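Q: please find the sequence and the predicted model below.
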Amino acid sequence: MSEYQFCPRCASRLTERADPEHEGGRVRLACPDLACGYVHWNNPLPVVAAIVEYEGRILLARNAAWPEGMFALITGFLENGETPEEGIAREVFEETALRAQSVELVGVYEFVRKNELIIAYHVKAAGTIALSPELLEYQLVEPAKLRPWRAGTGPALGDWMRRRGLPFEFVERPGQ
């Protein structure tokens, strides 16, 4: 269910509970101390993703933790107080040093396996590419040669290609 074991407010050991009246019967971790009242909702985290267009091609990057040959979109978590549009412009800049010239919503996608909700954008960017330490390498791909993957940000890339009339087939994972 979750990695949480203790209440972040009072340090009591969390227990599972199901409240059919207030929470639709979902099992949630909650503090047994009723005065504390903490409930770990375990809601999906909002993640922003960018199909970065740079000089007419799409930038795909390889995270330092990924195997060789695996490239995907620029992604990141929203920060407190920023809009998704501000968040993706910040992430693109932090990870590539490119400045967003335009930011256009592609769609919102579920990523159940990681408990995330992906808000994907097409970002036209300019500048000189300089990768953050989080990324090892990048490639620039002609839009017609992109091969979207089935999970995570892949469906957003597929939708973006479909709207441009670009034929594609899904592959199992990025970089195939």
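A: Right, received. Where do you want to start? Residues are numbered from 1 along each chain as shown.

Q: low-scoring pLDDT stretches of the chain, where are they?
A: Along the chain, the model assigns pLDDT under 70 to residues 1-2, 20-23, 175-176.

Q: which residues in it form strands?
A: In the chain, the segments counted as strands under DSSP state E are 15-18, 27-30, 39-40, 45-54, 57-63, 74-77, 99-111, 116-126, 135-141.

Q: name the nearest residue to R17, sequence neighbours excluded.
A: On the basis of Cβ to Cβ, 6 or more residues apart in numbering, the spatially nearest residue to R17 that is not a chain neighbour turns out to be A30, at 4.8 Å. For the C-beta atoms, the positions are set from N, CA and C on the backbone; glycine is no exception.

Q: count the neighbours of that neighbour for me.
A: Number of residues near A30 (other Cβ atoms under 10 Å) recorded here: 22.

Q: okay, the nearest residue to T96 once chain neighbours are set aside and L45: tell me how far apart.
A: Distances taken as Cβ to Cβ, 6+ apart put I129 closest to T96, at 5.4 Å, once the chain neighbours are dropped. I129 is 27 Å from L45, where distance means Cβ to Cβ, to the nearest Å.

Q: these two - which one has more neighbours?
A: The neighbour count for I129 versus L45, taken as other Cβ under 10 Å, is higher for I129 (16 against 13).

Q: re earlier: gap between the residue nearest to R17 and Y38?
A: From A30 across to Y38, the span is 7 Å (Cβ to Cβ).

Q: between the two, what contacts are shared?
A: Common contacts of A30 and Y38, defined by Cβ atoms under 8 Å, 6 or more residues apart in numbering, comprise L14.

Q: what's near enough to touch the closest residue in space to R28 that isn't next to it in sequence?
A: Once flanking residues are discounted, R28 sits nearest to V39: 5.6 Å by Cβ to Cβ, 6+ apart. Contacts of V39 were listed using Cβ under 8 Å, 6+ apart, and they are R28, L29, A30, C31.

Q: for I119, see how far away the residue of the chain most remote from its centre is.
A: The C-alpha centroid of the chain is most remote from A35, which lies 35.7 Å away (Cα atoms, centre = their mean). Separation of A35 from I119 (Cβ to Cβ): 37 Å.

Q: measure how buried N42 is and give me the count.
A: Count around N42 with other Cβ under 10 Å applied: 15.
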